[in-house]
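Asks: one predicted model, sequence on top.
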Amino acid sequence: MTLDPSTPVIIGVAQVTDRVDDPEVARTPVELMTDALRSAAIDAGALTALGGLDLVAAVGGMWRYRDPGRQVATAVGAADAGTLLTGLSGTSPQRLLDHLATRIAAGQLEAAAMVGGEAFRSRRRARRMGVEVRRDADAELGPAERYEGALDMATEHEMRRGVAEPGVVYPLFETAIRHSRGESVAEHRNRIGTLWAGFNAVAVENPHAAVRTPMTATEITTPSKDNRMVAAPYTKAMMANNSVDQASAVLIVSAARAAALGVPRDRWVFPLVGTRADDEASPGVRHDLHRSPAARSAGSLVFELAGTDMDEVNHLDIYACFPASVQVCALELGLDLDGSSDRPLTVTGGLTFAGAPHSNSVGQSLAAMVGRLRERPGTGLVYGNGGYLGKHAFGLYGTEPPAGGYRTASAEVDLEATPSRTPDPDFAGQATIDGYSVSHDREGSPMRALVSMLTTSGSRVWGGTTQRATLDAMVVEEFVGRPAELDPDGLVAI
């Protein structure tokens, strides 16, 4: 078929990873992003592509750059390029690349780059060693134009009750998943250990992975000196890992620009479809803790627009901050995690083992997915999740161009099928537990449980307990479905 010259094409990708011992000589986040972009141009075999960039878009990070895209653009010789900067979310890379592809398809851009990166590892080492690291944020730059803003994750009341960090909330989702499947604590532990061992196996073969040590399912789920229990039911080997000095870059151009640059056709990878949808930001108002109507809607739409289905996709990268994210996405897409399959769920190894910069895990996945598609042509699905399973983004990529051009859409979420719950922050009395997690200290002792409960009127309320006997029991017994008493201060008696 004749290819529309405005068809968006990914021509170059790169990941860069530092593991230096001396944090004083470590590259800064902007240096990592800059080197990743230069490497992406080398990957494309088109160094001249950088000077012709119309836009350099950066994934937001935990740093103080006002306009990192401007600093990267200047460094690579694209001083006239425009810039964008996203907010913080695991969906940011996929949604940003979808935005760039859409603008190229509309003829608004000819060439763009997406970069993202962090230097968490070296900065943490610097704090431990009591030394200073180099800072290169240009304070004279004005703020970059924003693409999607701050991430809303929970209400103030929820945060006061303990809904305050992913490493506590996702294990709570995990217990809701366990209860919905009717599993015992042991059965559930064995199953998610096997799931995570599959991610570990991919990371072992990934040269950019932070953790490449092979681990069995039992080693992953069993607390040990090097694998402490963090928030039951998750050990350290099931938690997200952002302790990396790492960056990625994606070069995306029009087909006409790719041809003019002389990029070989076997290097081209096409964005085919991008979809998105949001659940309620507050997990307290969602109907079920183990479901995501928005992921279901956006996931269904990506296949509808592409005219294909999950069975026809050759490669997958399902966002893997914690096992719960993978399971919820799989449930909504109808992806069987329990059956035998030779199709890995990730091209990187996921956030536990591969590690990733804050908000740029999917950026690393996109770079890896392009490499996988070049090696094994076909199609690849990338999924990103943000907040507490609140934001969702899907991207389908392939080695053949989309027959009808690039497609993008926001999915409608059917809230009538799964109505929202009405908050009741002043509630006190008896309710039924529908999810919980038990946070542990660094010596492996349980400290506090975060407990989600449903009242008889259907409201979800939040509380916690530090009662040691209860905490010990919660780790080995199933407490979802049990009655509990919530006092006005948020303390739970079970």
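Replies: Everything's here; your move.

Asks: contacts and neighbour counts: CA atoms only from here.
Replies: Fine.

Asks: which residue ranges form the helices in this protein?
Replies: Counting by DSSP state H, residue ranges of the helices within the chain are 29-44, 68-75, 92-105, 120-129, 156-160, 166-180, 185-204, 217-221, 255-261, 293-306, 323-333, 350-353, 361-375, 468-476.

Asks: which of those is buried the deepest?
Replies: helix 350-353 (a mean of 28; mean count of other CA atoms under 10 Å).

Asks: which strands and helices sit next to that one?
Replies: Helix 350-353 makes packing contacts with helix 185-204 when contacts are defined by 3 or more CA pairs under 8 Å, 6 or more residues apart in numbering; DSSP states H and E.

Asks: thought Y170 was touching G387?
Replies: No: under the criterion of CA atoms under 8 Å, Y170 is not in contact with G387, lying 10.2 Å apart.

Asks: how close does P233 get to T102?
Replies: Computed as CA to CA, to the nearest Å, the P233 to T102 distance reads 41 Å.

Asks: cool, V133 as well?
Replies: The separation that V133 has from T102, given CA to CA, amounts to 39 Å.

Asks: and for V461?
Replies: With distances defined as CA to CA, the gap from V461 to T102 amounts to 41 Å.

Asks: excluding sequence neighbours, find me the nearest residue to E443.
Replies: With sequence-adjacent residues excluded and distances taken as CA to CA, 6 or more residues apart in numbering, E443 is closest to R228, at 7.7 Å.

Asks: ah, wrong one, I meant I318
Replies: Residue nearest to I318 in three dimensions, not counting chain neighbours: Y383, with 5.1 Å by CA to CA, 6+ apart.

Asks: okay, now the one you found: neighbour count?
Replies: Counted with other CA atoms under 10 Å, the neighbours of Y383 add up to 28.

Asks: next up, the contacts around it.
Replies: Contact partners of Y383, counting by CA atoms under 8 Å, 6 or more residues apart in numbering, are Q94, D317, I318, Y319, V362, H392, A393, F394, G395.

Asks: ends of stretch 38-55, how far apart?
Replies: Counting by CA to CA, the length from the leading to the trailing residue of stretch 38-55 is 15 Å.

Asks: ok, back up a step: wait, the residue nearest to E443 touches S439, no?
Replies: No: with the criterion set as CA under 8 Å, R228 and S439 do not qualify as a contacting pair; they are 11.1 Å apart.

Asks: which one's more surrounded, these two?
Replies: Relative neighbour count places S439 above the other of R228 and S439, with 24 against 20, counting by other CA under 10 Å.

Asks: just list whatever residues bridge to the residue nearest to the more buried one when sequence neighbours are not counted.
Replies: Distances taken as CA to CA, 6+ apart put A231 closest to S439, at 4.1 Å, once the chain neighbours are dropped. For A231, the beta-bridge partners under DSSP bridges are Y234, S439.

Asks: quick check: mean pLDDT of stretch 420-431?
Replies: Averaged across stretch 420-431, pLDDT comes to 96.

Asks: now stretch 44-56: buried residues?
Replies: A44, G45, A46, A49, L50, G51, G52, L53, D54, L55, V56 (16 or more other CA atoms under 10 Å).

Asks: who are the contact partners of the residue nearest to E443?
Replies: Residues in contact with R228, defined by CA under 8 Å, 6+ apart, are T235, K236, R442, E443, G444.

Asks: buried ones only from those, please, as a PyMOL command.
Replies: Applying 16+ other CA under 10 Å to the contacts of R228, the buried members can be selected in PyMOL as follows:
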select buried, resi 235+236+444
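
Asks: relative to A368, which of the contacts of R228 is nearest.
Replies: The shortest distance between A368 and any of the contacts of R228, using CA to CA, involves K236 and amounts to 24.6 Å.

Asks: how near is the closest one to M474?
Replies: Here K236 is placed at a distance of 18 Å from M474 (CA to CA).

Asks: swap in D288?
Replies: D288 is 21 Å from M474, by CA to CA.

Asks: next one: V115
Replies: Per CA to CA, V115 is found 43 Å from M474.

Asks: can you check P207 too?
Replies: Distance from P207 to M474, counting by CA to CA: 38 Å.
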